[in-house]
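> next input, structure requested:
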Amino acid sequence: MDRIVMGWNAFGTTDTYIEQNSAFPNLNVVCPRWFSLQPQQFVTGEVDPRYVEWAHDTGKQVWAFFGNKFDPELTDQVLHEKKNHEKIARLLETKLVKNKVDGINIDFENMKMENKQDFVSFVRELKKVLSPHGIIVSVDVTRENPDPFWSGSYDRAELGNIADYVIMMGYDEDLGVGEKVGSVASLSWVEEGIQLLMKDVPSSKIILAVPFYTREWVTNLKTKEATRNDRTMIEVEEILKNKGLHKKWDDKARQNYVEFVENDEKHQIWIEDEKSLQERLDIVSKYKLRGTAAWFIGQETPDIWPVFHARP
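Residues are numbered from 1 along each chain as shown. Predicted coordinates for the structure are as follows:
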C-alpha cells in the first residue's frame, strides 16, 4: 500500500477545504476538522456528504477530526465516566457509517494525568465499535517532553496497540519549558521524538506530522524580552520578499534562517520550506514510517508539494 500523505483541514468551509486539497494530487488522506467533544451531547459537529463525495471521487480517504478543544476539565468530566465511552463511540459510529467516512482522527490534547487510562479505555471502545465497519482509528500524540499535561497524559504503548495509526505531532519544540527562542521543530528534536516513540509503537503504525507554519520571534533589544508571532509559510515568504532578506542555512536546526532588526527589535525566523520538509520526509524513509500528516493545508507555499510523494 502507498505511503500515507495526509493533510488536516482547519478553520474553513467545505469549499475552501476542497480548493486547498486540490492543490496537491498526491494527498491521499484528508482530515476535516468536523467533530468536538461536548459536555452534554458528547459530540458536536456534522459530516458534509459533499466533501466525502469529492474526496472519494478524487481517490482520497476521509478521516474525520475529533478534538477535545484542549480543555482538560471538559475531557475529565466526560471521559472519567466509563459509560460515556460507548455513548460517544455509538454517536460517532452513526455519523461516520451513514456518510461512508473512512476513518477518524482523535486529537485530545492538554489532558490531566489522571485521565491517562480513561483515554486509553475510550480509544479501545471506539476501535471496538468502528472496526466492524472497516473504519480506521488514528490517534495524535505529542512528541515526548517533560510536561505532564502535553506529554505525560498519553500511554503511547497502549494507544499503539489499539489504534491503527499513531500520529506524532513533530512541532512546537519552541513552546517547551521556558518557551525558548528557536525552531518550531529542529530536525534532531523531531528525530529523537520518533526514536522514543518507536520504543512503544511499531514504525509501521507511526505517521509523522509536519508543520506548515513557523514562528517569528521578536526580541526587544533594550529589555531582552521576546514575544512570538505565528506565521504561515506564505506569510514568511512575503516577509522575505518585502524586506529583501536572504535565507541562511542553520546546520544545527537543519532549516533555513533569517534575522533582521527594526525599531530596536530583533526578528528571528527558522523557516519551513521545501528543504526543511525534505529533511523531515527523509526521517520517514529512514525509519520506514507509515507516512506524513501536515498541519494544516492552506498555510503552505506551492513549491513544497513535490517533496511529498505517496511512494516510499
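
> residue ranges in this protein under the pLDDT threshold?
Within the chain, the ranges that satisfy pLDDT under 70 run 1, 176-179, 310-312.

> and the helices in it?
Ranges of helices in the chain, per DSSP state H, are 14-21, 49-57, 72-79, 83-98, 116-130, 156-162, 187-197, 233-243, 274-286.

> pull the distance from the first one to the chain's centre.
Meaning helix 14-21. Relative to its chain's centre, helix 14-21 lies at 18 Å (C-alpha atoms, centre = their mean, to the nearest Å).

> now do that helix: which elements does it pack against?
Contacts defined by 3 or more C-beta pairs under 8 Å, 6 or more residues apart in numbering; DSSP states H and E place helix 14-21 against strand 4-9, strand 29-38, helix 49-57. The C-beta positions use only the backbone N, C-alpha and C, and glycine is treated the same way.

> what angle separates it from helix 49-57?
Angle of helix 14-21 versus helix 49-57, following axes from the mean of the first three to the mean of the last three C-alpha atoms, to 10 degrees, is 20 degrees.

> enumerate the positions of helix 14-21 that are buried.
Using 16 or more other C-beta atoms under 10 Å as the test for burial, helix 14-21 gives 17-18, 20-21.

> any idea which of the helices and strands packed on helix 14-21 is most buried?
Of all the helices and strands packed on helix 14-21, strand 4-9 has the most neighbours on average by mean count of other C-beta atoms under 10 Å, namely a mean of 24.

> strand partners of it, parallel vs antiparallel please.
Sheet partners assigned to strand 4-9 using DSSP bridges are listed as strand 29-38 (parallel), strand 291-295 (parallel).

> switch those over to CSV; also include distance to Arg156.
Converted to CSV, the strands paired with strand 4-9 look like this (distance: least, C-beta to C-beta, whole Å):
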stretch, distance to Arg156
strand 29-38, 20
strand 291-295, 17
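
> out of these, nearest to Asp147?
Within the strands paired with strand 4-9, the stretch nearest Asp147 is strand 291-295; the backing value is 18.8 Å (C-beta to C-beta).

> circling back: of the strands paired with strand 4-9, which is nearest Thr142?
The nearest among the strands paired with strand 4-9, by C-beta to C-beta, is strand 291-295 at 12.4 Å.

> what does that closest one contact?
3-8, 10, 29, 31, 167, 169, 171, 207-213, 280-281, 284, 300, 308 (C-beta atoms under 8 Å, 6 or more residues apart in numbering).

> can you give the distance from it to the centre of its chain?
7 Å.

> and if you look at stretch 207-223?
For stretch 207-223, the distance to the chain centre is 16 Å (C-alpha atoms, centre = their mean).

> and stretch 204-219, by the same measure?
Computed by C-alpha atoms, centre = their mean, the chain-centroid distance of stretch 204-219 equals 8 Å.
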